[in-house]
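1. Provided below for reference: sequence and predicted model.
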Amino acid sequence: MKLGAIAKSLGLTLENGLPETEIIGVAGIEEAGPGQITFVSNPKYAAVAKTTKASAIIVDEKFPPLSTALLRGSNPYLAFAKAIELFYQPPRYEPGIHASAAIHPTAKIAPDAHIGPYVSVDRDVEIGPKAVLLAHVVIYAGVKIGSNFFAHAHSVVREYCRIGNNVILQNGVIIGGDGYGFAKDEHGRWQKILQSGPTVLEDDVEVQSNSCVDRASVGETRIARGVKIDNLAQIGHGSSIGENTLLCAQVGLAGSTEVGKNAILAGQVGVAGHCHVGDGVIITAQSGTHGDIPAGSMVSGAPAFDHKLWLRCMAVFPKLPEIAKLLRSQK
């Protein structure tokens, strides 16, 4: 593909490069070679841009000029993501139902859906247009699914859950598994609490491999539009996640957690049950919360508190033995 055509397709401005340069692929800035394009969005890679062998670099409008061809735009990372789509074509799945699939006669499946080998679709299920269900996907009874649903192998949607449009479930995802609810009886034994409420995934949600979004005992568990859930995350029963929030790998939300819009919970963050995390909150990696977090906050640590204060505390922490020794010597 010609460099000039790539610039036009991505809405970028070509600087210091020949439009007829042939581009065959994309790569990271340290690995890229002739015939490939790369990008710089993190300032720490700016120096590497001077030595890259790439034929062109996607950068922002303020990036300093280089001898290498530059493709300038307001969002280099997003532009690079779109560039990948120009060169990588994922497998295409033709409409049809594999002979080994088990489809209940009451299920309503759009005629252009692709139903792969050993898929199981139970009674009263509705699946919208352009759905793709790959091998061993299981859809329980009464599930309602919108258009452009893509379920990778071995993902499961439990009974009566509702899935919006443009939802992606990666391998091994379980939507609507039983919430962790038990009540102790008079003999000290744990009795299971029936988990009657569905899980709801709104439009444009993606849940990545081996993550679980539990169903509620009553009410519902709701994942709002545009939420992206990373691998190995656990969303407890009755929780709600606001629009465009990111839950990174191994995040765990206890039951009835409320997370607002546009929040970011980094890797291995844990949130105690019945807590409210406000809009735009950032919780840094391996932090644990113990209460509500106001909108717009950035917190760290376990228990989590203001990120700037946490940084100051961490700077002091290695010096504590020396400080303690000094204090003892002044008694």
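-> That came through fine. All figures in this text were calculated on a predicted structure; none of them were measured in a lab.
2. and residue 312, what element?
-> If you go by DSSP states H and E, residue 312 is part of helix 307-316.
3. Average pLDDT for the helix or strand following that helix, rounded please.
-> Note on helix 307-316: by DSSP H and E, the next helix or strand toward the C-terminus is helix 320-329. Across helix 320-329, pLDDT averages out at 90.
4. for stretch 212-225, same thing?
-> For stretch 212-225, the per-residue pLDDT averages 98.
5. quick one: terminal-to-terminal distance for that stretch?
-> Length of stretch 212-225, first residue to last, CA to CA, to the nearest Å: 17 Å.
6. What residues sit buried inside that stretch?
-> The neighbour-count criterion (16 or more other CB atoms under 10 Å) identifies 212-217, 220-225 as the buried residues of stretch 212-225. Placement of C-beta: from N, CA and C, glycine included.
7. quick one: that stretch to chain centroid distance?
-> 17 Å (CA atoms, centre = their mean, to the nearest Å).
8. With stretch 42-52 instead?
-> Offset of stretch 42-52 from its chain centre (CA atoms, centre = their mean): 27 Å.
9. about what we covered before: nearest to residue 25, of the buried residues of stretch 212-225?
-> residue 225 (32.9 Å; CB to CB).
10. does that closest one count as helix, strand or coil?
-> Taking DSSP: H, G, I helix; E, B strand; the rest coil as the rule, one finds residue 225 in the coil state.
11. how about the helices in the stretch 1-150 of the chain?
-> Along the stretch 1-150 of the chain, the stretches classed as helices by DSSP state H, counting those that start in this stretch are 3-10, 76-87.
12. So which elements touch the first one?
-> Where contact means 3 or more CB pairs under 8 Å, 6 or more residues apart in numbering; DSSP states H and E, helix 3-10 is packed against strand 13-15, strand 56-59, strand 69-72, helix 76-87.
13. Could you export the ones you listed as TSV, including distance to residue 167 and mean pLDDT?
-> Below are the helices and strands packed on helix 3-10 laid out as TSV (distance: least, CB to CB, whole Å; pLDDT from 0 to 100):
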stretch	distance to residue 167	mean pLDDT
strand 13-15	35	95
strand 56-59	29	96
strand 69-72	32	96
helix 76-87	19	95
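14. which one of those has the most crowded surroundings?
-> strand 56-59 (a mean of 27; mean count of other CB atoms under 10 Å).
15. next one: that strand to chain centre, how far?
-> 26 Å.
16. Within its sheet, name the partner strands of it and how each one runs.
-> Paired strands of strand 56-59, with direction, are strand 36-39 (parallel), strand 69-72 (parallel) (DSSP bridges).
17. quick revisit: any chance of JSON lines for the buried residues of stretch 212-225, columns secondary structure and distance to residue 286?
-> Listed next are those as JSON lines, based on DSSP: H, G, I helix; E, B strand; the rest coil; distance: CB to CB, whole Å:
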{"residue": "212", "secondary structure": "strand", "distance to residue 286": "20"}
{"residue": "213", "secondary structure": "strand", "distance to residue 286": "22"}
{"residue": "214", "secondary structure": "coil", "distance to residue 286": "23"}
{"residue": "215", "secondary structure": "coil", "distance to residue 286": "28"}
{"residue": "216", "secondary structure": "strand", "distance to residue 286": "28"}
{"residue": "217", "secondary structure": "coil", "distance to residue 286": "29"}
{"residue": "220", "secondary structure": "coil", "distance to residue 286": "30"}
{"residue": "221", "secondary structure": "strand", "distance to residue 286": "24"}
{"residue": "222", "secondary structure": "strand", "distance to residue 286": "26"}
{"residue": "223", "secondary structure": "strand", "distance to residue 286": "23"}
{"residue": "224", "secondary structure": "coil", "distance to residue 286": "25"}
{"residue": "225", "secondary structure": "coil", "distance to residue 286": "28"}
